[in-house]
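> fold the following for me, if possible:
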Amino acid sequence: MTKARKISLLLADVDGTLVTRDKILTTRAQDAVRSLGEAGIRFAITSGRPPKGMAMLIGPLALKTPIAGFNGGLFVRPDLSVLEERTLAPDVAAQAIGLILGHGLDVWAYEGNDWLVRDAKAPHVDREARTVRFAPKVVADFDSSLGKMVKIVGVSDDTELVRRCEADAQARLGNRATAARSQPYYLDVTHRDANKGFVADYLSRTLGIPQAEIATIGDQPNDVLMFRRSGFSIAMGNASDEVKLQASAATDSFDDEGFAKAVERFILR
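Numbers count the residues shown, from 1 in each chain. Below is the predicted model of the structure:
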């Protein structure tokens, strides 16, 4: 008989994983997280969202662990007070913005919890505002924020263009920044240590949990880094085959209770 793996922490992505397509946290998902706590398994979330954009999850999930916003660029306590922040170097931020604009994508930037855009009517701005439940600040340019940016986002509905921009950003920025798609239409650029692999490392260190006892669940290419830093990883049913191939197991879609089913099948069993 195979020895059951020990899991002490489940680290979950948010969009495409924990919540549905309509950004709903289902009752079954809440019940699954509560069952984890009753089993002595801790639960944490990480996202490309700003921490303020995850505030609506803190109460329903009774979160007690550090919350990793901006893919690990900003760690906060459940009361949203800052634990750690990692900003992009000014020259790296400027290069990333130029590269994104050069590929024909729109640009957003995040400075602390402030979301900066050049056009409030640009693609996905309204949708993102509904998702994170706060409005952006409109700026003429990003020059005054270059030394304070936690995340830069390239946005386009041309998902192949976003993919090509991601590859170019990874090649040209190298190890000076992390560049990865958080959604097919979003390219996130963050500090080189701000990625979901670092989030798994941070939680392992601060909570005193060995990486082998961490399980991770997600759906996008930027979740693969945390898959590699955990003992067991789960890809959502809505993930690409590329992502599924790099996970230990796969569950159902985010619109078919995939998160809750993964907890029930693979974590609690």
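> would you list every one of the helices in the stretch 101-250 of the chain?
125-132, 159-173, 196-207, 224-227, 241-244 (DSSP state H, counting those that start in this stretch).
> just those helices: most buried one?
When these are scored by mean count of other C-beta atoms under 10 Å, the highest mean neighbour count falls to helix 224-227 (a mean of 24). Just so you know, the C-beta spots here come from the backbone N, C-alpha and C atoms, and that holds for glycine as well.
> which residues sit against that one?
Identification of contacts with helix 224-227 by C-beta atoms under 8 Å, 6 or more residues apart in numbering yields 11, 46, 180, 195-200, 216, 218, 233, 235, 243, 246-248.
> rerun that using 10 Å as the cut-off
Contact with helix 224-227 is made by 11-13, 46, 68, 71-72, 178, 180, 195-201, 203, 214-218, 233-235, 239, 242-243, 245-248, as judged by C-beta atoms under 10 Å, 6 or more residues apart in numbering.
> one step back: right, and the helices of the stretch 101-250 of the chain - which one's nearest Lys23?
helix 125-132 (5.3 Å; C-beta to C-beta).
> and that closest one, what other elements does it pack with?
Counting by 3 or more C-beta pairs under 10 Å, 6 or more residues apart in numbering; DSSP states H and E, the packing neighbours recorded for helix 125-132 are helix 55-61, strand 106-111, strand 114-117, strand 151-155.
> tell me the angle of that helix relative to strand 106-111?
Relative orientation of helix 125-132 versus strand 106-111 (axes from the mean of the first three to the mean of the last three C-alpha atoms, to 10 degrees): 40 degrees.
> looking at the helices of the stretch 101-250 of the chain, which is nearest to Glu84?
Taking the helices of the stretch 101-250 of the chain one by one with C-beta to C-beta, helix 196-207 is closest: 7.7 Å.
> quick one: distance of the closest one to the chain centre.
13 Å (C-alpha atoms, centre = their mean, to the nearest Å).
> ditto for stretch 195-206
12 Å.
> same thing with stretch 156-163?
Distance of stretch 156-163 from the chain centroid (C-alpha atoms, centre = their mean) equals 19 Å.
> and the residue nearest to Thr159 when sequence neighbours are not counted, how far from Gly69?
Closest residue to Thr159 apart from its sequence neighbours, by C-beta to C-beta, 6 or more residues apart in numbering: Pro184 at 4.2 Å. The gap separating Pro184 from Gly69 is 21 Å, by C-beta to C-beta, to the nearest Å.
> with neighbour numbers in mind, choose between the two.
Counted by other C-beta atoms under 10 Å, Pro184 and Gly69 do not tie: Gly69 has more neighbours, with 28 against 17.
> for that one, which residues are in contact?
Contacts of Gly69 by C-beta under 10 Å, 6+ apart are 14, 45-54, 75-76, 80, 85, 110, 113, 150-151, 194, 199.
> go with 7 Å
By C-beta atoms under 7 Å, 6 or more residues apart in numbering, the contact set of Gly69 is Ser47, Arg49, Pro50, Pro51, Met54, Val76.
> which ones among these lie within helices?
Members of the contacts of Gly69 lying in helices (criterion: DSSP state H): none.
> pick the one among those residues closest to Arg5.
Taking C-beta to C-beta as the measure, Arg5 lies nearest Ser47 of those, at 25.5 Å.
> for burial, what's the neighbour tally of that closest one?
Ser47: 29 surrounding residues under other C-beta under 10 Å.
> what of the one 3 residues further on?
The tally of other residues near Pro50 (other C-beta under 10 Å) stands at 24.
> could we number from 18 for the rest of this?
Sure, I'll start numbering at 18, so the last one becomes Pro67.
> got a list of what it touches?
Gly86, Phe87, Tyr127, Asn130, Trp132, Val149.
> could you rerun that using 6 Å?
Counting by C-beta atoms under 6 Å, 6 or more residues apart in numbering, Pro67 touches Gly86, Tyr127, Asn130.
> that older thread, how near is the residue nearest to Thr176 to Val216?
21 Å.
> before we move on, back to that, return the item of the contacts of Pro67 having minimum pLDDT.
Ranked by pLDDT, these bottom out at Asn130, which has 78.
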